[in-house]
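Novice: sharing a model prediction with you, sequence too.
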Amino acid sequence: MPDGSTSDAFVAFERVQKSYDGENLVVKDLNLSLPKGEFLTMLGPSGSGKTTCLMMLAGFETATHGEILLDGRPINNIPPHKRGIGMVFQNYALFPHMTVAENLSFPLEVRKMGKSEREEKVKRALDMVQMGAFGGRRPAQLSGGQQQRIALARALVFEPELVLMDEPLGALDKQLREHMQFEITRLAHELGITTVYVTHDQTEALTMSDRVAVFDDGRIQQLDPPDTLYEEPQNSFVAQFIGENNTLEGVVQEINGDKCLVRLDDGEVIDAKPINVSQVGERTRVSIRPERVEFNKERLQEGAHTLKAEVLEFIYMGDIFRTRLRVAGNDEFVVKTRNAPDQVRLKPGEQIEIGWLPEDCRALDA
Amino acid sequence: MGSNVRPIHTNTSDGDTMSDTTDSGPMLAADGTPLKRSLSRALRRQKMRALMLVAPLLIFVLISFIFPIGSMLFRSVENDIVADTLPLTVVELQNWDADSGELPDEALYAAFAADMVAAIEAKNHTKLGTRLNYEQTGLSSLFRKSGRKMKRLDPAADAPFKDKIIDIDKKWGDVETWRAIKTHSVRITNGYFLNAVDMRRTPEGAQAQPEDKQILITLFQRTLLMSLMITGSCIILAYPVAWILANLPARTANVLMILVLLPFWTSLLVRTSAWKVMLQQQGVINEVLVWLGMVADHSRLALINNQTGTIIAMTHILLPFMILPMYSVMQTIKPHYVRAAKSMGATDWTAFWRVYFPQSVPGIGAGSILVFILAIGYYITPEIVGGTKGVFISNRIAYHISSSLNWGLAAALGTILLAVVLILYWAYDKIVGIDNVKLG
């Protein structure tokens, strides 16, 4: 793991496993630690174990094996209501029989807080999410985005140091979602809360997080800040899952330090950067981001290998052009170019040559 | 609407047409007919078809339910028998001052003789006797016995009648007899309703029944109280069951649901009789308790032929009606509400009481209405296991329908029962709100 030390971690999973049926592990050997104040996103397809991890942290699921530490204390045997963790649920879980203010007041009441103090905190929390005027309404009278804000305010009103969010923006439309992404990160950083955020939406993960843990098959595939995750995926799954990606398959022909040659299945040879290939003859999948593909030869390094490509489709998307090519037998090879005044607009049927910098083409596991 | 109202199908881009079309006129369809009429014509076929589809049920309900109920309700006030059987007498009775303490005059006796001879001919006098006997004991036998002798009177020749009739039975010389007939000679009476609430119609107005005849108010109170107790014990027993059903995986829940529904598939009589076997003095429960030494042999528990028996058996029988609506409401309460409450620091109990329970109240309400309304009109089970102390008002209604044949009183009791249920329903709507009742 990139971050093995758990001594100063605020939240730590140590060798955590979880099984529901005693036969299959949903979470396999999870090790994760995050410092105070970090915004960490668990990203992965459904069934990858990310929500299970969140539920174990919240206390609604028990770990089959391993230890979960909160501020240095093992919390496996602490019931959820004593963990003091704020949580935002997927469908908000606002209590339908209470008004917005009563919903917010609930966590304070169970903490036996005085009335005036409660009202003060509820008001502050509502103002924080710009919902000050809605205290007397019922959740059913609010729009999805407003309910989302209330759910957020309710998770924060008792000032927890750790807040968990389980796909909180899943039910919102795109525009609102983008706005709330910004709001949530702003609040989390302003209040200095440690946040664990679960989502299957990679854009959300990239835009919001300090670090992202990509889950698949019950394991963390990669744990890195968004830019590293996008630009330097450590394996094929991460490369495929995060952002758009072009994949070409072949065999490693030569490794030379941080460069290698890959012979593609149709016989052509390309430059790549070896990431998790170690020996010549190994099968590999090379990954190139669509925006890193270059078809202007002058911008390529001298001696760089190029590939022949046929333009299949040109899609005008406003800010960018998306060109679909046939490259080395792959019909789904996509190139994205910025809509700049001097940008070439390719036509379907055109034959071109493409290339890239060797460090942008990563040779990953097959 | 003036003559300047024009159909809208004229080209509206034409400025002149726009300007002389008044805004106040009705909206017109393309052919110039008012839009409302066109619409209703277009919908008529649809409505007719819908009506045809529901017609069989509508007719069935009308014939088998609305009409009998209506006629039954009417029986609670209908009282034609006196005026129909003794038409001349009733007219004469109007002239007689019942409070004078004096017997009616010869004219009335003559009218009575004429009426009676006609009634005896038609064999109606015993029916009248039975009717009047509800109000004053002894009148039934008076009419029956006198009938045999008065048959021989000739209304045309045998005048004067006063002494002859008093000779036949000296009760005809009793002012009270005539007062009773006069009191109940009205065609629409409140007498049955007065009887139903332990009062009676007298010449001096409504009065309380003699103490020994006052049982119906007690029965009403008992019926209401016991129905409430049955509803209460159903809530207590059903809530955990419904909760478990709603929180189990669907397959297991379906298997358990069969157990809940099983009682529906056995005969009500069989179930009630089974309780008889269980509850009687020499029954299963008492035997086991005695065998365990928890109850002495000479002081076995009286679990049947009293209110305890009725409550136990009816709670069991009505339980599914409580479980089912509770279950369907609880199914809609998502577990994340309780989780959310716990994540905010609520203990299991607080999370249940503040978050889960309020959301399950509509189910309790629906179940309670169902069980209470079913219980308040229950008949078979109290009849079999209730003894004398555990019977309901319905058992009294049944008695008046089939044994005493006092249908008017039975109808009045039924009407009151219906009114009580409707009032309670209304009160429930005011307090809880019928919108909060969910059956699923």
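Specialist: Nice, I can see it.

Novice: give me the contact list for whichever strand or helix holds residue B:427.
Specialist: Take DSSP states H and E as the rule and residue B:427 turns out to sit in helix B:407-431. The set of residues external to helix B:407-431 that reach it, using CB atoms under 8 Å, 6 or more residues apart in numbering or on different chains, is B:72-79, B:134, B:189, B:191-193, B:195-197, B:216, B:220, B:224, B:365, B:369, B:372-373, B:376-377, B:393-394, B:396-398, B:400-401, B:434. In short, each C-beta sits where N, CA and C put it, glycine included.

Novice: please repeat the previous calculation with a cut-off of 6 Å.
Specialist: Outside helix B:407-431, the residues that touch it by CB atoms under 6 Å, 6 or more residues apart in numbering or on different chains are B:72, B:73, B:75, B:76, B:192, B:193, B:195, B:196, B:373, B:397, B:400, B:401.

Novice: among the residues you listed, which ones are buried?
Specialist: B:72, B:75, B:76, B:192, B:193, B:195, B:196, B:373, B:397, B:400, B:401 (16 or more other CB atoms under 10 Å in any protein chain shown).

Novice: quick one: distance of the helix holding residue B:427 to the chain centre.
Specialist: Remark: helix B:407-431 is offset 6 Å from the chain centroid, using CA atoms, centre = their mean, to the nearest Å.

Novice: likewise for stretch B:284-292?
Specialist: Centroid separation for stretch B:284-292 versus its chain: 40 Å, with CA atoms, centre = their mean.

Novice: now that stretch - C-alpha only, CSV.
Specialist: Presented in CSV, the C-alpha positions along stretch B:284-292 are these (Å, rounded to 0.1, in the frame of the first residue of the first chain):
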residue,chain,number,x,y,z
VAL,B,284,-56.4,-28.4,27.7
ILE,B,285,-55.2,-25.2,29.3
ASN,B,286,-56.7,-25.9,32.7
GLU,B,287,-55.6,-29.5,32.7
VAL,B,288,-52.0,-28.5,31.9
LEU,B,289,-52.0,-25.8,34.6
VAL,B,290,-53.3,-28.3,37.1
TRP,B,291,-50.8,-30.9,36.0
LEU,B,292,-48.0,-28.4,36.4
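
Novice: what residues sit buried inside it?
Specialist: Within stretch B:284-292, the residues that qualify as buried are B:285, B:286, B:289, B:290, counting by 16+ other CB under 10 Å.

Novice: ok but the second one is inside a helix, no?
Specialist: Yes - read with DSSP: H, G, I helix; E, B strand; the rest coil, residue B:286 is one of the residues of a helix.

Novice: hang on, it packs against residue B:300?
Specialist: Yes - shown here, residue B:286 and residue B:300 form a contact pair, counting by CB atoms under 6 Å, at 4.5 Å.

Novice: pull the residues that contact stretch A:85-104.
Specialist: Residues from elsewhere that reach stretch A:85-104 (CB under 6 Å, 6+ apart): A:58, A:122, A:125, A:134-139, A:147, A:150-157, A:160, A:162-168, A:170, B:336-337, B:340, B:343, B:355, B:358-359.

Novice: host element of residue A:153?
Specialist: Using DSSP H and E, residue A:153 sits within helix A:144-156.

Novice: up against chain B, what does chain A have?
Specialist: Applying CB under 6 Å from any CB of the partner chain, we find that chain A lies next to chain B at A:58, A:60, A:80-81, A:87, A:89, A:93, A:95, A:97, A:106-107, A:110-111.

Novice: outside of the helix or strand containing residue B:109 itself, list whatever touches it.
Specialist: Residue B:109 is part of helix B:106-121 when elements are defined by DSSP H and E. The contact list for helix B:106-121 (CB under 6 Å, 6+ apart) reads B:85-86, B:88-89, B:92, B:125, B:147, B:150-151, B:153, B:155, B:160-162, B:165.

Novice: which of those sits closest to chain A?
Specialist: In terms of CB to the nearest CB, no member of the contacts of helix B:106-121 lies closer to chain A than residue B:85, at 63.4 Å.

Novice: surely the closest one and residue B:124 touch.
Specialist: Yes - using CB under 6 Å, residue B:85 is in contact with residue B:124, at 5.0 Å.

Novice: with neighbour numbers in mind, choose between the two.
Specialist: For the pair residue B:85 and residue B:124, the greater number of neighbours falls to residue B:85 (22 against 19), based on other CB atoms under 10 Å in any protein chain shown.

Novice: what pLDDT does the nearest residue to that one once chain neighbours are set aside get?
Specialist: Nearest residue to residue B:85, sequence neighbours excluded (CB to CB, 6 or more residues apart in numbering or on different chains): residue B:128, at 4.6 Å. Listed pLDDT for residue B:128 reads 90.
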